[in-house]
Structure formats: structure tokens, C-alpha cells
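Participant: build me a structure from this.
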Amino acid sequence: MVTATANVTSEKCPMCGSASNRTVCERARLGRQWALTECRACRLHFTAPIPTQDDLVAFYQGDYHSDLRIEAGTEKAFDAKYQRYADALGRHLPLGRVVDVGCSTGLLVRKLCDRGYDAEGIELNADSAAWGRDNYDVIIHSKPLEACPYGPESLDAILFTDVLEHTQHPRDYLREAGRRLVPGGIALVTFPDIWSIESRYHYLLSKLLRRDWMWGNCHVPLHVWEFTRVTAEACFTGAGFEVVEFRRTQPAPEPVDSLALKVLSAPTNLLSWPLLSSWFGTQMEFVIRKV
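Facilitator: Model (predicted):
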């Protein structure tokens with residue numbers, strides 16, 4: 001386990017500015033140390049120190065997404081999920097101009113185009129963006145949203161599926177993105193719940209067995225923020241949005257080599273049952289509307 005330094009424990013909450021926080025988990029990446037920190041005032045969980053933009057670029061370049069850049073790779077990993085996302089968008093916006101931010105290889109963009117949307121993608125991993133353009137015949141920009149040709153109130157919907165938690169400041173980022181939405185425009189936002197039943201279970205295992213790596217639900221520093229439903233909705237409200245649809249799902253378990261970990265994780269497999277996943281699943285999916 002990495003020892004926290006003073007600059008980690010003294011970091012102020014980026015949501016409310018409080019300096020009262022506690023370190024929940026510590027990890028090392030890129031030769032540096034990071035901590036998942038919980039604000040005692042607003043209960044936000046965030047990475048301290050907050051990664052810089054250069055850090056974020058370094059996290060996701062090179063081989064990141066390489067397993068998706070093969071024939072049927074993205075379909076195998078995400079087809080069912082992307083179908084669900086497209087259905088969720090369709091319930092609130094039958095047609096319109098849509099941008100999928102962090103679109104990976106662009107499969108969801110392709111699905112939306114096939115449904116009649118005027119859809120484009122944004123992906124900062126240049127290899128994934130190029131692969132998507134060549135294989136799915138869709139428009140994918142390889143630059144940040146603010147540098148793309150989308151003027152104020154020019155979009156009907158923006159998708160942030162497993163993206164917002166990777167930005168330096170999700171509330172401010174969402175607020176700025178919202179300026180590109182028409183009045184009443186829609187955003188689809190998804191990310192995991194850091195204190196879901198599955199996450200709490202693995203957190204307790206990691207503490208009881210003193211094996212920090214067993215808490216696979218903690219993704220610092222790749223996730224700049226880790227959300228609960230309460231802190232997510234506070235973020236949306238602060239950015240000028242209201243929640244119009246919420247659901248939970250349970251992702252398929254990640255493959256593990258350790259037989260012991262497979263056995264210990266077996267109870268959480270019950271969460272894949274549809275009834276349980278809709279109530280207690282780790283993944284949160286929000287449709288929010290610009291107020």
C-alpha cells in the first residue's frame with residue numbers, strides 16, 4: 001500500500017471547497033501516488049491530488065482500447081449495453097443532432113446513425129478514433145468537445161457514457177457542455193456507484209484480508225471522481241440539469257485468475273439477476289435534461 005503524503009490529505013473538495021476529508025484508499029500509477037478521498041461535508045469521493053490534463057491524456061493513450069480495435073471486439077464487449085443506451089435516448093429524443101463524447105471505437109455512434117440520428121463522436125485516443133472512422137464509417141473527432149465545431153444550443157443531446165468521472169471537474173465540464181445543448185436538451189450519463197452493494201462487499205474483503213487490490217471497484221486515479229447516486233444528482237443540479245430517468249444495471253464480472261478471488265466474489269454474482277440488478281446494480285444510468 002502507498003503511504004499518503006501531505007498534498008494528498010490536504011486537498012480541498014472540488015465540489016464544496018471543504019478541507020475536511022478522509023482517505024479511503026491509496027494507489028500508485030505512473031510512478032506517483034494517489035488517494036481516493038471522501039469529503040466529510042458533501043460526501044463526494046475524488047482523487048487527490050486531482051490529475052492534470054496531461055495526466056489524463058497519459059492514462060488513455062497507446063494500448064488503451066486495443067482489445068476493442070479488432071473485428072467484432074467492440075460488439076462483443078458493448079453491443080447489449082449500447083443498445084440499451086440507444087433505447088434510453090430514444091424514449092426522450094426520437095431524432096436529433098447527437099454527440100457521443102468518449103465514444104471509443106464509435107459503435108454507439110454507428111447505432112445512432114442507423115436509427116436516423118445525426119450523430120458524431122469524440123475520442124481523444126487517436127488510434128481508436130481512426131479505427132472507428134475506418135470500420136464504422138462515422139465522424140469521430142480527435143479533440144476535446146470545446147475544440148469541436150459545436151456552437152451554443154447546436155445539439156439536441158450529448159452522451160457521456162462512462163466518461164464524466166474521468167474529467168477534471170465533472171460539474172463544470174457538464175455545465176460547459178450544456179451550453180451546446182438546445183433548451184430542454186438531453187444528456188445521457190453513466191458511471192458506477194462507488195458504494196454499491198458489490199463495491200462495499202469488495203471493499204470489506206480488501207480490508208479484512210489486507211489486500212487493497214481486491215477492491216476492484218475503486219479506480220483512482222483513472223476516475224477523478226467516484227459517485228454515489230446522491231453526489232451524482234448534486235453534480236447534475238449544480239450544472240443546471242434535472243434527472244428525468246434513472247436505472248441501475250449490473251456489469252458482467254471482470255475475469256480473474258485467482259481461484260480464491262472467484263470463490264470470494266461469488267455472492268456478488270447474484271446481482272446479475274434482473275430484479276436484483278435493477279435495484280442494487282453497480283452501474284448507474286441517468287437521463288438528464290437541461291433546465
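
Participant: under the pLDDT cut-off, which ranges of the protein? List them.
Facilitator: 1-10, 61-62, 64 (pLDDT under 70).

Participant: in the longest helix anywhere in it, what's buried?
Facilitator: Longest helix of the chain, by residue count under DSSP state H: helix 73-92. By neighbour count on 16 or more other C-beta atoms under 10 Å, the buried set for helix 73-92 is Gly73, Thr74, Ala77, Phe78, Lys81, Tyr82, Tyr85, Ala86, Ala88, Leu89, His92. (Glycine included, C-beta is placed from N, CA and C.)

Participant: can you tell me the SS state at the spatially closest residue to the last one that is not a sequence neighbour?
Facilitator: Just to be clear, that refers to His92. Closest residue to His92 apart from its sequence neighbours, by C-beta to C-beta, 6 or more residues apart in numbering: Ile186 at 5.2 Å. Each residue gets one of three states, and Ile186 gets strand by DSSP: H, G, I helix; E, B strand; the rest coil.

Participant: ok, Ile186 to Glu245 distance?
Facilitator: According to C-beta to C-beta, to the nearest Å, Ile186 stands 10 Å off from Glu245.

Participant: common neighbours of the two, please.
Facilitator: His92, Val287 (C-beta atoms under 8 Å, 6 or more residues apart in numbering).

Participant: compare these two and say which is more crowded by neighbours.
Facilitator: Ile186 (25 against 14; other C-beta atoms under 10 Å).

Participant: pick out the residue closest to the middle of the protein.
Facilitator: When C-alpha atoms, centre = their mean is applied to the chain, the residue found nearest the centroid is Asp162 (2.4 Å).

Participant: how far away is that one from Leu259?
Facilitator: 29 Å.

Participant: got it, and Gly151?
Facilitator: From Gly151 over to Leu259 (counting by C-beta to C-beta), the distance is 55 Å.

Participant: contacts only, for the residue nearest to the centre of the chain.
Facilitator: Asp162 touches Gly102, Thr190, Phe191, counting by C-beta under 8 Å, 6+ apart.

Participant: in helices, which of those fall?
Facilitator: Short answer: the contacts of Asp162 have none in helices (DSSP H).

Participant: of those - the most surrounded one?
Facilitator: Phe191 (24 neighbours).

Participant: thought it was touching Ala232?
Facilitator: Yes. Assessed by C-beta atoms under 8 Å, Phe191 is found in contact with Ala232 at 7.5 Å.

Participant: overlap in contacts, those two.
Facilitator: Met284.
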